[in-house]
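Asker: give the three-dimensional model of this entry:
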Amino acid sequence: MPYQILADMISADDALLKLREGNRRFVAGEIDAESMASRAHQAGMSGGQSPFAIILACSDSRVPVELVFDQGFGDLFVIRVAGNIVAPSQIGSIEFAASQFGTRLVVVLGHSNCGAVIVTLKELALQQTHRSPNLRAIVDRVRPAIEPLLEAHRDSDADTLTGAAVRANVLASVERLTHGSLILEQLIEAGKLTVVGAEYSIETGKVEFFEDEPT
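Answerer: From the prediction side, this is the model:
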């Protein structure tokens, strides 16, 4: 694979600022003329791409990533999978984007009331099981992050437990990306890549970033 780091790619801090500002516009219902223009199909984009952020998000239909951040064609390299889990194919996709395009920011985007997290909680509580090995593969990747919460939140209501589990699952995915790939580790150590977690509120449309939290 011919990797090429682009020297003019914006910094992780600037990329994060663009995402924050885009989400602010989304929540406020404002329309940014530049981002609207970039949503129109552009034949000239066939020559290449330079996304300023990589987003590992859940497949939930209520979380349209480009709209949530008010971005258009070519702005974001989006990887979607139920439960925003980290498996080899997701790691490889992020390695590709970070190495090929020089993108300096990775965001693991979870969301409130995540179905994959809720299903895993139900399975841990022995309320349901999954016979499909493919669905179980998702549950088994979510399980290690949230299993320790059951004792700590045994007196909490379901909403509180689910909220804590969603956050724990995001931070676990951040940890796996930070320490589960030699390529990503080298980029992080060289100051060329930052990985942060975030949660989208389906209720309000706001995205909360966890970049100040330890993984």
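
Asker: mind naming the longest helix for the protein?
Answerer: Secondary structure of the chain per DSSP state H: the longest helix is helix 158-179.

Asker: contacts for that helix, please.
Answerer: Residues lying outside helix 158-179 but in contact with it, judged by CB atoms under 8 Å, 6 or more residues apart in numbering, are 56, 83-86, 91, 94, 106, 108-114, 117-118, 120-121, 142, 144-146, 148-150, 152-153, 156, 184-185, 188, 195-199, 210, 213, 215. All C-beta spots, glycine's among them, are computed from the backbone N, C-alpha and C.

Asker: go again using 7 Å as the cut-off
Answerer: 56, 83-86, 91, 94, 106, 108, 110, 112-114, 117-118, 121, 142, 144-146, 149, 153, 184-185, 188, 195-197, 199, 210, 213, 215 (CB atoms under 7 Å, 6 or more residues apart in numbering).

Asker: what residues of it count as buried?
Answerer: Residues 161-178 are the ones in helix 158-179 that count as buried (16 or more other CB atoms under 10 Å).

Asker: what about the helices in the protein?
Answerer: Using DSSP H, helices in the chain cover 12-28, 33-38, 65-68, 88-101, 115-124, 133-146, 149-152, 158-179, 182-189.

Asker: Phe52: which of those is closest?
Answerer: helix 12-28 (4.8 Å; CB to CB).

Asker: may I see the buried residues of the closest one?
Answerer: 12, 15-16, 18-19, 22-23, 26.

Asker: for the residue of the chain positioned farthest from its centre, phi and psi?
Answerer: Within the chain, the residue lying farthest from the chain centre (CA atoms, centre = their mean) is Asp155, at 29.6 Å. Torsion angles at Asp155 (phi, psi; degrees, to the nearest 10) stand at phi -100, psi 0.
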